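S.K.: following is a predicted model, sequence given first.
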Amino acid sequence: MSTPTPDTKMRADALLPVTSMGEFAPLLERGAEGLIWGRELPSYVAVEMQSWNMAGAVPERFLSDAGGIRRHVDAILESWSGLSHNSREWLATDIAELGMAMARLLSTDTLMVRVEPVRDDACRRFHKDVVKARLICTYKGPGTEYGFADQDHDQPLTAGSVPTGAPIILRGKRWPNNAETELLHRSPVIEARGESRFLVVINEAPTSAS
């Protein structure tokens, strides 16, 4: 498969910028296929993330109501080494607040949360998730890549990349009354470059049919 080239003409009507979590639900409900909150990490967190070697960090996932996410994330980060108290506090607060926003967006009491160090190349093909909607935020390393399906190809010919620290929300195949959407995403190549990533993924809890 050929490598997509950077896209300077992404569909502005499908992938929209937001400036706060309060805009998540209204814009998706109006038909946007995805949202990017183009914020930056606090400088002290960004610096620490760059140098963090993720020693002892392993992928974790849990089901929780929005109010319980902070407790789970606190316990996970506390068990890992290399992060300062201030950075752990900021990350746990941020992930809990993103979870609250997703619970409101999805009108659900239970969320699936993945807190994941990534050291290899996963999800190399562009795809759409079998969920209502999914939030991905990369705190360390290159962000999620996205592109739009081409009518003559099953993979996008051009791609963009979400900035580190910026949450992206993507409508999935189970979005209510979902018209066919063209916005796809994938993980970036990191293994050959010697890079690593730390990201959080939040969506509704899986059903028995998932």
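M.R.: Sure, I can see it.
S.K.: low-confidence regions, this structure specifically.
M.R.: Along the chain, segments meeting pLDDT under 70 span 1-12, 152-153, 178-180, 208-210.
S.K.: tell me how far the nearest residue to residue 157 once chain neighbours are set aside lies from residue 143.
M.R.: Among residues not flanking residue 157 along the chain, residue 150 sits closest, at 5.4 Å (C-beta to C-beta, 6 or more residues apart in numbering). For every residue, glycine as well, the C-beta is placed using N, CA and C. Distance, residue 150 to residue 143, using C-beta to C-beta, to the nearest Å: 22 Å.
S.K.: the two: which has the busier surroundings?
M.R.: Taking neighbours as other C-beta atoms under 10 Å, residue 150 and residue 143 compare with residue 143 leading, 23 against 12.
S.K.: go through the protein and flag its longest helix.
M.R.: Longest helix in the chain, counting residues (DSSP state H): helix 85-106.
S.K.: who's in contact with it?
M.R.: By C-beta atoms under 8 Å, 6 or more residues apart in numbering, the list of residues contacting helix 85-106 from outside reads 21, 24-25, 28, 42, 44-45, 48-49, 64-66, 69-70, 73-74, 77-78, 83, 109, 111, 113, 115, 132-133, 135, 137, 139, 167, 169, 200, 202-204.
S.K.: cool, thanks, talk later.
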